[in-house]
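Novice: got a predicted model here, sequence first, then my questions.
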Amino acid sequence: MTEFNIVLAGVGGQGTLLAAEILGAAAVKDGLNVRVSEIHGMAQRGGAVVSNVRMGEKVLSPTVLEGQADMLLGFEPIETLRNLKFASEKTLVIMSAEAIPPTELAAKMAKYPSPEEIIEKVHRFTENIIVVEATKLAKKAGSILTQNIVLIGVLAATGKIPVKTKSIMEALRELVPAKHLDVNVKAFKLGYEYVEKAKTKF
Amino acid sequence: MPDLRLLLQDKPGRRVLLLGNEAIARGILEAGISVVTTYPGTPASEIGDSISAIAKDAGIYMEYSTNEIVATEVAGGAANCGVRVLSAMKHVGLNVASDFVMTLAYAGVRGGYVIVTADDPECYSSQNEQDNRFYALLSNLPCLEPSDSQEAKDMTISATGISEKLELPVLLRTTTRVSHTRGPVVFGKLTKPKLKGTFIKDVKRLVMVPAHSRPKHPILLRNFAKAKEISENSPYNKLVREGKSRKFAIISSSSAYNYAVEATDLLGLDASILKLGMTHPLPEKMIGGFLKKHEKIVIIEELEPYLEMQIKAIAKDYAPNIEIYGKTGKPYFPREGELSTRILAMGLATITGKKLPIDFGKIDERHAEVVRDLPRRPPILCAGCPHRASLYVIKKVAGEKAVYSTDIGCYALGAAPPLNAGDIMTCMGASIGTAEGISKAIDEATIAIIGDSTFFHAGIPGLINAVYNNHKIVVAVLDNLATAMTGHQPHPGTGMTGMQTPSEKILIENVAKGCGVKFVKVVDPFKTKEAEATLKEALAHNGPSVIVFRAPCTLMVVRERRRKGTEIMVCKITSKCTDCMACIKLLGCPALIVEDEKVVINEALCVACGLCASICPYNAIECVKIP
C-alpha cells in the first residue's frame, strides 16, 4: 500500500469528526502514518462538513487530491454528491440513504433530488456504491446519533481499508464515552452485518 | 476527542494520534510551562481546552482571560517572575494583544514565553485571513512554524528554550490545517512545572517610559542578531531533499511544505527542497548558500509572500542572477485562500514545463454538472437556538429600516435570510462603536447585537462611550451563558473558571448599570411577547439602552437533558395548520421542513424550544412528548 484516502462528507452534527478520528486512531494502532483533517467552529453549525483521512508511509498533506479518494463515506446523499470530485472509477462510495433537506430548500419551496437521480450522478464517477439506511440502523441500535458508527461498520466490513477491524473496535472503545459504548458497538455490528445484504440500489 | 488525561502520561516513546492543538498541549507539559492563558478562538481553541481539562492534575495554572491582550498581560507578568508561560489565540486575537506584545519585546521576559497564533487561511471560521508572520517582522520577535502535530509539540518545547535564551517572547504560528489535523506524535519526557518564581525589581528593565525604552530598542536588535544565529543552526531549517540536477529548488514552510512535497512527487519533478521551520529571523547564510547552488528557486508559502520578499533581498547579496518564482512579479501561486497539492502542482507545472498526470479540468467539468442544481448548505443557527428567538423579536419590532450592527459569534449567522438581522460586522466588540457612528449619521433606529463573551471581551469600552457621549442606540446582548461558537468555554458571566472552579458570576446587566446605562432590562427570548414590549420601550428611550436576551445555548440544554435522561419533547403540527408557511418564511429553523408543500417537523433535530408554536398565526403547533 502506498496510500489510502478516505473522504467523509456530511452535515455538521452528524459525527463525521468522531468517525474520522476513529479511523485515524485505528491506523496509528496498526503502525501506519496518518493525517486526519477536521474543520471546526462556525462551519460546523448545521453546514456542509468534510473530513479527510489519509494513511500511508509518505502521507504529508491533510487533504485528499481530487480524483484520489479510495473511499467516499457519505453521511447524507447530496453531501456525497458535493464531494464526488474526489472520486474516480476506482472509488468505493458508501452512502447513507436518508436525506437531510437543507433549510434553503424549504425557503425556496424547491425539491430534493430523487434517489434515482442521486444514484445516476454517483454513477457518472463510479459504479461502486453501497447504499445503507444508516439512520434506521442507528435507531435500531438504540440511538440515532450512532449513524456515524453504522457507517464505520459498513466500511470495515468491505475489507478494503488497510486497517484491522480489531484496531477499529479498539479505537472505538477508547474514543466513545463509556456509557454510550454498548449502543455504539451494536451500531458497528449492524453496519458490519449489513454489507452482505447490501445492494447497489435503494 | 481522546480522553485528554492521555496527555498526562509520562511514557516517552509512546506514539499517539493527536490534533495539532492537542500536540501543543502535550508540548506545554514537556516544556514545563506552568501558566497558560487564552481567549478561545477557532482554530486555536483546543490548546486552552485541553489544558483546562488536565490543569489541576498537571499542576498548571490555566485561565480563560477576558480577551487576548489580558491573556498576554497575565502571561507576561508571570514570565517576568521567571516561570514558563504560554498564551494561545487565533490570528486576529494577536491584533488585540499586539499593543502589549510589541512593547513586551522591549522589556523582555525571564521565564520562557510562547505566544501561539493560529492563522486561518481560507477564513474557515474567521473574518479575515491575515498572515501573522508579519507580526514577527514588526516586533522583531522570533517565529517558529510547525507543519504537523509532531512539530507542533516539538516546537512548543524549542520555542520555550529560545525564549529563555534570548529573554524574548517567541511566536509559534500554526494554521488551521496544522492546528486541526490529527497526526502521530511521539511523546517525550514530562518536565515538572515550576509555579512560583521571584519578581526581581528592575525599573530600567521593566518600566517602559521613553528614557528606558530608547536603550531597550538596540538591545532588542542585538537579541535579534543572536536569534539569527539560532536560526542558522536550527534543526527545523533543513534540506529535506537534494535534487539530482541543480536546476530547480523549492523553499517552503508550514502546511504549504506538505503540499509542496506531494506536488513535486506528483509531477515527478527533480528538485531540492529546503524546509524552513524557524521563519523569523530567516537563516540568511543558509538560504544564501542554497540559492548559490541552484538555477531556479520556487518559493511556496500560504497567504502573503513573506518568505519570498525576504529571500529576494537575500538573493541580491548571494545570487543576484537567480530566477525566483512565487507570488510577486508574475504570480504562479495565489496570495489568497488555502493552498493545496493541486494548486501547487499546477503552478509547478507552469514553471517547469512538466505535464500534470491528472486532468483536473475534466474532473472539474464532470463535478460541475453534478453539483450545478444542488441546494447549498451554509452553516445556520441550530434548531432551538435562543439567538433565533432574539433576532426574530428584534427584527419584528425594529423592522427593515433599522440598521443592525452585529458582532463575532454564532448570532452573526442571523445575518443570512430569513432573519436578515445583521447589516455590518467587523471584529470582536465592534458592533457597539459602529452602531454609535451609524446612529449619528442616520435618523433610523440603530441596534447593536453582541454576544455575552464578546461583550466581556471588547464591548464594555464601546458601551461606556455610548453613555459618555449619549449615543441613542439599543444594545442587544444575546447571552447564551457560554462562549458557544468555539466550544462552550466559560467566561466571566458563567461563574466558572478555566481551572474548573466556581468564581464570581459577573452579570451583564450589572456591568451595564455600572457603566451608567439608565435603561437596562433582562428578557427571556422565548417569551416573545414580553421581549417585544421591552424592545419597544428601549427604542423609545432617549439615550443608550441595554437589553440582555438570556437563555442558555441549546446544545448545552440538549446535552444536559441527555445526561439526566429527561424526556425529550418535540413540536407537532396539528390539523389547524393552513400551510401559510409563516414559520418557514420567518424563522429558517432546520427542524422545519417542507414536504409535498406541507410543513413537517424533523423530529431528529427539533428540541421543542416552542418558538414556532409561539409565532404561528393559527396556533397550529404544539410541543409534545416523544411517545
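Specialist: Here it is on my side, so go on.
Novice: residue B:88 belongs to a helix, doesn't it?
Specialist: No - membership of residue B:88 in a helix is not supported by DSSP: H, G, I helix; E, B strand; the rest coil, which gives strand.
Novice: if I look at it, how far off is chain A?
Specialist: Here residue B:88 is placed at a distance of 14 Å from chain A (Cβ to the nearest Cβ, to the nearest Å). The way it works is simple: take the backbone N, C-alpha and C, and place the C-beta from them, glycine included.
Novice: is any residue of the lowest-mean-pLDDT helix or strand in chain A near chain B?
Specialist: The helix or strand of chain A with the poorest confidence is helix A:103-108; it has a mean of 79 (mean pLDDT, DSSP states H and E). Yes - applying Cβ under 8 Å from any Cβ of the partner chain, one finds helix A:103-108 in contact with chain B at A:103, A:104, A:105, A:106, A:107, A:108.
Novice: pipe those into CSV and attach distance to residue B:570 per row.
Specialist: Output for the residues of helix A:103-108 next to chain B, formatted as CSV (distance: Cβ to Cβ, whole Å):
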residue, distance to residue B:570
A:103, 17
A:104, 23
A:105, 21
A:106, 17
A:107, 22
A:108, 25
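Novice: mind listing the strands for chain A?
Specialist: A:4-11, A:34-37, A:48-55, A:71-74, A:92-96, A:129-132 (DSSP state E).
Novice: partner strands of the last one, with direction?
Specialist: In other words, strand A:129-132. Looking at strand A:129-132 with DSSP bridges, its partner strands are strand A:92-96 (parallel).
Novice: need the residue closest to the centroid of chain A.
Specialist: residue A:73 (3.0 Å; Cα atoms, centre = their mean).
Novice: that residue and residue A:149 touch, don't they?
Specialist: No - the criterion here is Cβ atoms under 8 Å, and residue A:73 misses it with residue A:149 at 11.9 Å.
Novice: between these two, which contacts overlap?
Specialist: Residues within reach of residue A:73 and of residue A:149 at once, by Cβ atoms under 8 Å, 6 or more residues apart in numbering or on different chains, are residue A:19.
Novice: per-residue confidence at residue B:255?
Specialist: Per-residue confidence (pLDDT) for residue B:255: 96.
Novice: check residue B:423 too.
Specialist: At residue B:423, pLDDT is 98.
Novice: thought it was touching residue B:400?
Specialist: No - counting by Cβ under 8 Å, residue B:423 does not reach residue B:400; the two are 10.3 Å apart.
Novice: pick out whichever of these two has more residues nearby.
Specialist: residue B:423 (17 against 7; other Cβ atoms under 10 Å in any protein chain shown).
Novice: for the stretch 51-200 of chain B, which segments count as strands?
Specialist: Secondary structure of the stretch 51-200 of chain B (DSSP state E, counting those that start in this stretch): strands at B:61-64, B:85-90, B:113-119, B:143-144, B:170-175, B:181-186.
Novice: nearest to residue B:9, of the ones you listed?
Specialist: The closest approach between residue B:9 and any of the strands of the stretch 51-200 of chain B, judged by Cβ to Cβ, belongs to strand B:181-186 at 11.9 Å.
Novice: could you give the number of residues near residue B:569?
Specialist: Here the count is done by other Cβ under 10 Å, and residue B:569 has 17 residues near it.
Novice: can you pull the phi/psi pair for it?
Specialist: For residue B:569, the backbone dihedrals (degrees, to the nearest 10) come out as phi -100, psi 160.
Novice: can you tell me which residues contact it?
Specialist: B:607, B:608, B:623, B:624, B:625, B:626.
Novice: distance of residue B:434 relative to residue B:441?
Specialist: Distance, residue B:434 to residue B:441, by Cβ to Cβ, to the nearest Å: 11 Å.
Novice: next, format the strands of chain A as TSV and append mean pLDDT.
Specialist: Listed next are the strands of chain A as TSV, based on pLDDT from 0 to 100:
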stretch	mean pLDDT
strand A:4-11	96
strand A:34-37	97
strand A:48-55	95
strand A:71-74	98
strand A:92-96	98
strand A:129-132	96
